[in-house]
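Q: for reference, the sequence and a predicted model appear below.
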Amino acid sequence: MNQNPLNIAVEYLKGVGPRRAEVLNQAGVATLGDLLEYRPRRYLDRSTVRRIRDILPDEEVTVVGTVISKRVVRGGKRRLLVRIEDGSGVLEGVWFQQADAFARMFKENQLVAFSGKVVRYHTWQIAHPSFDILSEESDPLNTGQIIPVYPSGQELKKVGLSNFSLRRIIHTALQRYGRSVPETLPPYLVRNYRLLSRQEAYSQMHFPESMDQLSQVGRRFKFEELFYLQLLMALRKHFYVSPISGFTISSEDTTYRRLLDALPFRLTKAQLRVLEEIRRDLAGGHPMNRLVQGDVGSGKTVVALLAMFLAISGGYQAALMAPTEILAQQHFFNLSTLLAEEKLRLALLIGSMPEREKQHLQQQIAAGEIDLVVGTHALIQEAVDFDKLGIAVIDEQHRFGVMQRASLIRKGRHPHVLVLTATPIPRTLALTIYGDLDVSVIDELPPGRQQIQTYWRTDNSLNRVYPFIREQLAAGQQAYVVYPLVEASEKLDLKAATETYHYLQKQVFPNYRLALLHGRLKMAEKEAIMADFKRGSIHMLIATTVIEVGVDVPTATVMMIEHAERFGLSQLHQLRGRVGRGRAQSYCILITPPEINDVAKARMMVMTKTNDGFVIAEEDLRLRGSGEFFGTRQHGMPDLKYADLVTDQKIVQTARKDAFAIIAKDPHLRLPQHDVVRTHFKEAFAGKFDMMNIA
């Protein structure tokens, strides 16, 4: 038997067997540990369930009672009647559809819960009640005040896994293995914070003695989740920063000032402040590992350029990785322009390049003949090797996973790392999602940048929107029209965008040149369209993708977003930032159907009220929740089942303090008091973090 009982296959638990195990596996329950983590979707608190004698007409109630009869009425309107009683009265559940199917689910003497709106006929009735079968018969497991109700799809019911059956199996498993469930937190933390033990937490989750005990279950598992998340961050930071990098880059002020003076614009105070933080990192004797947050248009790329220039001036190579080929090409063009007088050897490495050209460039990079290479995921391919990589810059970090970031870092010997994101994150939460990075914020826009005026219109008002866009085009400006791209409906989206493109070109803007840009075009076609748009020979760009319009076109002043309700707030803000790059007033027009849900309405209102990316990020968190906002899998973070990074900030901060203190004192988790942490960490993150020497 496996030493950890939580790894026992669910098939071998009493009351399960092969047939039930197969269905449980499909529900994600493969082991005893999975079964204990199979959380009730809700609880029936018998102390708050209404007695039948106390209910009133048209109330929404939950009643728990025993089935005393069932019958299918076949004359007239066919229906199923199921009567239950709770000692104070009788209530009837009525089903007018699928009467025979529902009838098979009920037996006399079952304990059930009916929920719904009550009406009075010859007796109290609920039409099509929500129901839970709590037991097949009177049983001690159902005499408590609080009864858990588990997720129970049709497949579970087919193999006899009712709520009662699940409770019986879990109860038996806890009796057999409960005392062997291993603790995962250091004993001193369990004592200091008066947390339930892991054994007690599982017991109370499934057989709670009180609602207060249930809240203690949540508190215990939230702390455990957040502690290990922060431990992971602390380990990443320790094992990346602790080695001596060898790349101590001390820049001469004269060299640095010369490049600043050569720029065609003056940097903001925020940019200069962040640059000083970067210069201190480069000269600090340890690898820089810094995140630069900045709103759309705040000048993050220029800061990254100067950081790379400092590394190159010190005799090292620099790499900048962007998420798309168009963005990589844009960076390459901008850097080539800004560094034109510096006689540096720049290169662009992207996947669509001819293989022979790619191989030649890879040889040059490996030989140290390239100073700065800009690329996409092509930079982290096995064939790419650097002679002396001193700094790696990752643009739009939220588009890359932690493992991709690590792959680029491994191309050098502890290079300095600079991560850029235009998705503002509240600072306290940035410590969680990017807990292994030092955080800098560019919280100031360059002078002259005007506020983009944002309007929300429904699609039945386009006859007023189009004349406005025509006025902008007549004044020499350009416009974007963006369609959403949802994977499941890609063909429909593309068809809609294509049809709109033909309609706008022929019927609405016949005197202007329009172009359609979408992901299925070949790279050469995309490049030609974007080049024409930047030159101004294309007046309006209709795009089906968000990511491929991230280019700087100073004369683009209108961003019209079709089906804006299908975008998140951060996406809308990113898109809006594609205009307003020049001196002319710019506009963002959000188009939705007349009827949209309340969350979509809230997003539209936020966009019309503010241009501040940090305010928008706060609202995005509030509307979407931290899991969806961050995309935990993308960031290489463990999924959170219990905790919420927004509402549980106090627990986040406490767990962070303890986790970082442990790693500062015992980075290899070798002290006896950390045995349980080492064991759980190795099991939970096996093979994922080989740079951490956890023995």
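A: That came through, no problem. Everything quoted here is computed from the prediction, not taken from an experiment.
Q: what sits against the residue located most distally from the centre of the chain?
A: In terms of distance from the mean C-alpha position of the chain, residue 75 ranks first, at 54.4 Å (Cα atoms, centre = their mean). Not one residue lies near residue 75 by Cβ atoms under 8 Å, 6 or more residues apart in numbering. Placement of C-beta: from N, CA and C, glycine included.
Q: which pLDDT value goes with it?
A: We have a pLDDT of 74 for residue 75.
Q: check the gap between it and residue 96 for me.
A: 14 Å (Cβ to Cβ, to the nearest Å).
Q: and residue 504, what does it touch?
A: When contacts are counted by Cβ under 8 Å, 6+ apart, residue 504 touches 481, 514, 540, 542.
Q: ok, of these, which one's closest to residue 328?
A: Set against residue 328, the nearest of the contacts of residue 504 by Cβ to Cβ is residue 542 (22.8 Å).
Q: did I read that right, that closest one in a helix?
A: No. Under DSSP: H, G, I helix; E, B strand; the rest coil, residue 542 sits outside any helix and is assigned strand.
Q: count the neighbours of it for me.
A: By other Cβ atoms under 10 Å, the residues close to residue 542 number 23.
Q: so, low pLDDT: which residues of the stretch 451-600 of the chain?
A: 485-495, 545-551 (pLDDT under 70).
Q: ranges for the helices of it?
A: Along the stretch 451-600 of the chain, the stretches classed as helices by DSSP state H, counting those that start in this stretch are 462-474, 490-503, 523-535, 569-576, 598-609.
Q: which residues are contacting the shortest one?
A: The contact list for helix 569-576, computed with Cβ under 8 Å, 6+ apart, reads 296, 422-423, 452, 454, 480, 482, 546, 549-550, 559, 561, 564, 567, 588, 590, 603, 606-607, 611, 613, 616-617, 619-620, 623-624, 629.
Q: stretch 508-528 too?
A: 325-326, 329, 350, 352, 466, 469-470, 473, 485, 494, 497-498, 501, 504-505, 529-530, 532-533, 537-545, 548-549.
Q: weed out the non-buried ones from those residues.
A: For these, a burial check counting by 16 or more other Cβ atoms under 10 Å picks out 325-326, 329, 350, 469, 473, 485, 494, 497, 501, 504-505, 529-530, 533, 538-545, 548-549.
Q: return the alpha-carbon coordinates of the longest strand along the chain using PDB.
A: In the chain, assigned by DSSP state E, the strand with the most residues is strand 60-73. C-alpha atoms of strand 60-73 as PDB (Å, rounded to 0.1, in the frame of the first residue of the first chain):
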ATOM      1  CA  GLU A  60     -39.200  30.300  -1.600                       C
ATOM      2  CA  VAL A  61     -38.500  27.500   0.900                       C
ATOM      3  CA  THR A  62     -36.500  24.400   1.500                       C
ATOM      4  CA  VAL A  63     -38.300  21.600   3.300                       C
ATOM      5  CA  VAL A  64     -36.800  18.300   4.500                       C
ATOM      6  CA  GLY A  65     -39.100  15.300   4.900                       C
ATOM      7  CA  THR A  66     -39.700  11.700   4.300                       C
ATOM      8  CA  VAL A  67     -41.500  10.400   1.200                       C
ATOM      9  CA  ILE A  68     -44.800   8.900   2.200                       C
ATOM     10  CA  SER A  69     -46.300   8.400  -1.300                       C
ATOM     11  CA  LYS A  70     -45.800   8.900  -5.000                       C
ATOM     12  CA  ARG A  71     -48.200   8.400  -7.900                       C
ATOM     13  CA  VAL A  72     -48.400   9.300 -11.600                       C
ATOM     14  CA  VAL A  73     -51.800  10.800 -12.600                       C
END
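Q: given the helix or strand following it, what are its sheet partners and their directions?
A: Next helix or strand after strand 60-73 toward the C-terminus (DSSP states H and E): strand 79-85. Sheet pairing of strand 79-85 (DSSP bridges) gives strand 60-73 (antiparallel), strand 90-95 (antiparallel).
Q: which one of the ones you listed lies nearest to residue 228?
A: Using Cβ to Cβ, the nearest of these to residue 228 is strand 60-73, at 36.4 Å.
Q: quick check: residue 673 touching residue 185?
A: No. Counting by Cβ atoms under 8 Å, residue 673 does not reach residue 185; the two are 10.9 Å apart.
Q: higher neighbour count, these two?
A: Neighbours of residue 673 and residue 185, each counted by other Cβ under 10 Å, are more numerous for residue 185; the result is 21 against 13.
Q: give me the phi and psi angles of the more buried one.
A: Dihedral pair for residue 185: phi -110, psi 150, per degrees, to the nearest 10.
Q: distance of it from residue 680?
A: Taken as Cβ to Cβ, the span from residue 185 to residue 680 is 9 Å.
Q: how about residue 259?
A: 49 Å.
Q: tell me the pLDDT of residue 284.
A: Reported pLDDT for residue 284: 83.
Q: and it, which of the three is it?
A: Assigned with three-state DSSP, residue 284 falls in the coil class.
Q: thinking again about what came up before, buried stuff in the longest strand of the chain?
A: 61, 62, 63, 64, 65, 66, 67, 70.
Q: not counting sequence-adjacent ones, nearest residue to the last one?
A: In other words, residue 70. Of all residues not flanking residue 70 in the chain, residue 82 sits nearest, at 4.6 Å (Cβ to Cβ, 6 or more residues apart in numbering).
Q: surely that neighbour and residue 99 touch.
A: No. Taking Cβ under 8 Å as the definition, residue 82 is not a contact partner of residue 99, at 10.2 Å.
Q: so those two - more neighbours on which side?
A: Taking neighbours as other Cβ under 10 Å, residue 82 and residue 99 compare with residue 82 leading, 24 against 17.
Q: partner residues bridging the more buried one?
A: Going by DSSP bridges, residue 82 is paired in beta bridges with residue 70, residue 93.
Q: ends of stretch 560-573, what's the gap?
A: 12 Å (Cα to Cα, to the nearest Å).
Q: the helix or strand where residue 303 lies packs against which elements?
A: Element membership for residue 303 (DSSP H and E) is helix 300-313. If you count contacts as 3 or more Cβ pairs under 8 Å, 6 or more residues apart in numbering; DSSP states H and E, helix 300-313 packs onto helix 253-262, helix 269-282, strand 289-294, strand 317-321, helix 325-338, strand 389-394, strand 416-421.
Q: export it as PDB, just CAs?
A: Taking C-alpha atoms only, helix 300-313 is exported to PDB below (Å, rounded to 0.1, in the frame of the first residue of the first chain):
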ATOM      1  CA  LYS A 300       7.600  50.500 -21.100                       C
ATOM      2  CA  THR A 301       9.400  49.500 -24.300                       C
ATOM      3  CA  VAL A 302      11.700  52.500 -24.200                       C
ATOM      4  CA  VAL A 303      12.700  51.600 -20.600                       C
ATOM      5  CA  ALA A 304      13.400  48.100 -21.800                       C
ATOM      6  CA  LEU A 305      15.400  49.400 -24.700                       C
ATOM      7  CA  LEU A 306      17.700  51.400 -22.400                       C
ATOM      8  CA  ALA A 307      18.100  48.500 -20.100                       C
ATOM      9  CA  MET A 308      19.200  46.300 -23.000                       C
ATOM     10  CA  PHE A 309      21.500  49.000 -24.300                       C
ATOM     11  CA  LEU A 310      23.200  49.200 -20.900                       C
ATOM     12  CA  ALA A 311      23.800  45.400 -21.000                       C
ATOM     13  CA  ILE A 312      25.100  45.600 -24.600                       C
ATOM     14  CA  SER A 313      27.400  48.400 -23.600                       C
END
